[in-house]
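Peer 1: here is my input, please return the structure:
(chains A and B)
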Amino acid sequence: LVFTEEDKYGLYSNLLFKYFLAEGIVCGHDLFVASAKEHPDNILKELPAPLLDDTYRKELGDEAAAAKAEDFQDSMKIAWRYQNLPKMEASPTTHTKFGHYYDVSKKMSPELCQSIKWHSFYLHEELSFEPKMKTCNMNSGYARLLQSIQRIISQEGFDGSDPQKKQRNVLRIGIQSLGSVLWGDDVCCSEAPEDKHSLTKFLYVLRGLLRKSLSACIITVPAHLIQNKAIMERVTNLSDMVVGLESFIGSERETNPLYKDYHGLVHVHQIPRLNSLICDVSDTKDLAFRLKRKQFTIE
Amino acid sequence: QGKFTLLRDTRTDGSFLVHHFLSFYLRAGCKVCFVALLQSFSHYNIVAQKLGVSLAAAKERGQLVFLEGLKSCLDLLFGEEEQPGQPSPLQFLSTSDLRALFDFVCVSLTPASGDSWKSPVLLVDDLSVLLSLGAAPVAVLDFIHYCRMSVCCQLKGNVVVLVHSNEDSEDEENELVVNSLCHHSDLILWAEGLATGFCKDVHGQIKIIKRLSLRQAAEEDLVQVYQYKIQDRNVTFFARGLSAAVL
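Peer 2: Next up, the predicted model:
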């Protein structure tokens, strides 16, 4: 369960959200997209186009060559001991291929989008259906969403309930701007919301659904609007991975020369520790992102 | 025996302590009731196997009663109508009442005829989640109190509970529960992330507090501090500043 704290205007978190969905399509996974803000059909029309093998190698190869040329000139004088240690990979090489790369300036072709099975949940279209399950005093928008997810997981056999199905696939779930007023939750409106537990109950049940099926989920939340920090602490404990995006727009960091090449920071608050005592912590903790015309980079 | 141990974590994940106690008590031949609220059975099983214990086998022979919170919650919400005489232990999701959970614990740990297990153990991972699911802090404290009376006093067993606590936390309800439990614990194991941030060789520090002051008014609590590093099948402890990387 990947929980993303949105940047102030939701620009970059929306991009990350789309990357997650685009990767799902390219991998042939099924998608479930839920939103109270934008119709999922529209979200799916705006996904970035994948870079095909030869195109990306050339594009990124150019960048890598430029970076290497600069390195040659900088030799370290005082910190000589570190000279021979491998640098953190500035750009992906042909050896490390995990996932796919995308061109943000182009949209994914409708044919590619239609190549997988996708399900959508647009809150305003679902309001007429009464949730059949026990809602446990949860906000009805959340209850409906849970019911919809559970129905798809069960019907499409993501929980292994259909032994006949030989080809098992993954379901990628994306939920946009959870907790916002559009979902009927007042957790973003006041410090003492009337219903403190709907969001956390929702996450708990969702976690249960994810654990019982072949699915992964990304949620974006306008965390900067949630004034009750206790809720944010609880939400963090209920998630496997928590990432926050902080954009420099309108902040004093915008003019800080240290950040001149970047558009914002990536804060990794929590990483998953599943099925093991240890977890996979990377050596680098300070991450920043930038959005160029074609590429969104985190380094 | 008859002890209440509090596991606490701040700025880090203290679940390695839960895995330890689970395999420790099973290996010791105790009957264990594990209320696992946040992770699946297979998660604990995979780690337990690395520590030399099979949870599946323990369940099979009746030594381990495993409440998989996430699964029970799905059964409650999406499953068939429950029988009137058998409320789900996760009943509190709709009623905020923890009595059904307490009854579940009692039934699990009361020795059945033919049981030859050593003293019973209640293990909870983690208590802070109950607050997120609608239980009031006082209800959570009452639940623990009743569990202690039943498991520690009546059945002469042990109770081990994990709670999270954040530095400068704004979760007042959680802080209330944690502070209250600290006062009544016999032993506190407090795992803290390093103040200087993540380090590859030292994952954190653990404070072991033996609450001697509980038993004898004039006694002072005994506090020991170690640093630790978590590995795939093991956790190594060492005195502060003496990690293998430094020596």
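
Peer 1: alpha carbons only: can I get the host helix or strand of residue A:20 in CSV?
Peer 2: Element membership for residue A:20, per DSSP states H and E: helix A:11-27. Taking Å, rounded to 0.1, in the frame of the first residue of the first chain, the C-alpha atoms of helix A:11-27 are listed here in CSV:
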residue,chain,number,x,y,z
LEU,A,11,1.0,18.6,-10.0
TYR,A,12,3.8,16.2,-9.4
SER,A,13,1.9,13.6,-7.3
ASN,A,14,-0.6,13.4,-10.2
LEU,A,15,2.3,12.7,-12.5
LEU,A,16,3.6,9.9,-10.2
PHE,A,17,0.0,8.5,-10.1
LYS,A,18,-0.1,8.4,-13.9
TYR,A,19,3.3,6.7,-14.1
PHE,A,20,2.0,4.0,-11.8
LEU,A,21,-1.0,3.4,-14.0
ALA,A,22,1.1,3.6,-17.2
GLU,A,23,3.5,1.0,-15.9
GLY,A,24,0.6,-1.2,-15.2
ILE,A,25,-0.6,-1.0,-18.8
VAL,A,26,2.8,-1.7,-20.2
CYS,A,27,3.2,-4.7,-17.9
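
Peer 1: pull the distance from it to the chain's centre.
Peer 2: 7 Å (CA atoms, centre = their mean, to the nearest Å).

Peer 1: okay, buried residues for that helix please.
Peer 2: The neighbour-count check on helix A:11-27 (16 or more other CB atoms under 10 Å in any protein chain shown) flags A:12-26 as buried. To be clear about C-beta, it is placed using only N, CA and C from the backbone, and glycine gets the same treatment.

Peer 1: again, but for stretch A:201-216
Peer 2: A:201-216.

Peer 1: do that stretch and chain B meet?
Peer 2: Yes - judged by CB under 8 Å from any CB of the partner chain, stretch A:201-216 comes into contact with chain B at A:201, A:204, A:205, A:207, A:208, A:209, A:211, A:212.

Peer 1: the strands in the chain, which residues?
Peer 2: In the absence of a named chain, this looks at chain A. A:2-5, A:30-35, A:48-50, A:102-107, A:118-122, A:171-175, A:215-221, A:241-247, A:264-270, A:287-291, A:296-298 (DSSP state E).

Peer 1: that answer is for a different chain, and I need it for chain B
Peer 2: With DSSP E as the definition, chain B shows strands at residue ranges B:4-10, B:30-36, B:64-68, B:118-125, B:158-164, B:187-192, B:204-210, B:222-230, B:235-238.

Peer 1: could I get these as TSV with mean neighbour count?
Peer 2: Compiled in TSV, those are given as follows (neighbours: other CB atoms under 10 Å in any protein chain shown):
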stretch	mean neighbour count
strand B:4-10	23
strand B:30-36	24
strand B:64-68	21
strand B:118-125	23
strand B:158-164	24
strand B:187-192	20
strand B:204-210	19
strand B:222-230	16
strand B:235-238	14
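
Peer 1: need the contact list for residue B:189.
Peer 2: B:5, B:6, B:7, B:8, B:14, B:17, B:206, B:207, B:208, B:209 (CB atoms under 8 Å, 6 or more residues apart in numbering or on different chains).

Peer 1: my guess is the first one contacts residue B:184, does it?
Peer 2: Same thing as residue B:5. No - assessed by CB atoms under 8 Å, residue B:5 is found out of contact with residue B:184, at 11.3 Å.

Peer 1: closest to chain B out of the residues of stretch A:201-216 next to chain B?
Peer 2: Compare each of the residues of stretch A:201-216 next to chain B with chain B using CB to the nearest CB and the shortest gap goes to residue A:208, at 3.7 Å.

Peer 1: find me whatever residue is spatially closest to that closest one, sequence neighbours aside.
Peer 2: Distance criterion CB to CB, 6 or more residues apart in numbering or on different chains; nearest residue to residue A:208, sequence neighbours excluded, is residue B:70 at 3.7 Å.

Peer 1: and the one you found, what is it in contact with?
Peer 2: Under the criterion of CB under 8 Å, 6+ apart, the neighbours of residue B:70 are A:204, A:207, A:208, A:211, A:212, B:37, B:38, B:39, B:40.

Peer 1: which pLDDT value belongs to the fourth one?
Peer 2: According to the predicted model, the pLDDT of residue A:211 comes to 92.

Peer 1: contact partners for it?
Peer 2: So residue A:211 contacts B:39, B:40, B:70, B:71 (CB under 8 Å, 6+ apart).

Peer 1: run a quick neighbour tally on the second one.
Peer 2: When neighbours are defined as other CB atoms under 10 Å in any protein chain shown, residue B:40 has 20 of them.

Peer 1: so it versus residue B:78, what's the distance?
Peer 2: Residue B:40 is 17 Å from residue B:78, where distance means CB to CB, to the nearest Å.

Peer 1: got it, and the first one?
Peer 2: As for residue B:39, its distance to residue B:78 is 20 Å (criterion: CB to CB).

Peer 1: who's more crowded, the two?
Peer 2: Shown here are residue B:39 and residue B:78; by other CB under 10 Å, residue B:39 has more neighbours (22 against 19).

Peer 1: quick one, what contacts residue A:152?
Peer 2: A:32, A:119, A:158, A:171.

Peer 1: my read: residue B:64 touches residue B:34, true?
Peer 2: Yes - applying CB under 8 Å, one finds residue B:64 in contact with residue B:34, separated by 6.5 Å.

Peer 1: name the nearest residue to residue A:259, sequence neighbours excluded.
Peer 2: For residue A:259, the spatially nearest residue (CB to CB, 6+ apart) is residue A:253, at 5.4 Å.

Peer 1: which of the strands of chain B sits closest to residue A:244?
Peer 2: Taking CB to CB, strand B:158-164 is the member of those nearest to residue A:244, at 18.8 Å.

Peer 1: next, the angle from the closest one to strand B:4-10.
Peer 2: 20 degrees (axes from the mean of the first three to the mean of the last three CA atoms, to 10 degrees).

Peer 1: within the sheet, what are the partner strands of strand B:158-164, with directions?
Peer 2: According to DSSP bridges, strand B:158-164 forms sheet pairs with strand B:4-10 (parallel), strand B:118-125 (parallel).

Peer 1: got these as CSV, with mean pLDDT columns?
Peer 2: Compiled in CSV, the strands paired with strand B:158-164 are given as follows (pLDDT from 0 to 100):
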stretch, mean pLDDT
strand B:4-10, 95
strand B:118-125, 94
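
Peer 1: of all the ones you listed, which lies closest to residue B:229?
Peer 2: Nearest of the strands paired with strand B:158-164 (CB to CB): strand B:4-10, 15.7 Å.

Peer 1: now residue A:104: how far from chain B?
Peer 2: 31 Å (CB to the nearest CB, to the nearest Å).

Peer 1: I figured that residue was touching residue A:296, is that so?
Peer 2: Yes - between residue A:104 and residue A:296 there is a contact under CB under 8 Å: 5.8 Å.

Peer 1: shared neighbours of the two, anything?
Peer 2: residue A:15.

Peer 1: tell me, how many residues neighbour residue A:133?
Peer 2: 18.

Peer 1: contacting residues around it?
Peer 2: Going by CB under 8 Å, 6+ apart, the list of residues near residue A:133 reads A:143, A:146, A:147, A:150, B:77, B:78.

Peer 1: same thing but 7 Å
Peer 2: A:143, A:147, B:77, B:78 (CB atoms under 7 Å, 6 or more residues apart in numbering or on different chains).

Peer 1: what of residue B:18?
Peer 2: Contacts of residue B:18 (CB under 7 Å, 6+ apart): B:7, B:123, B:125, B:162.
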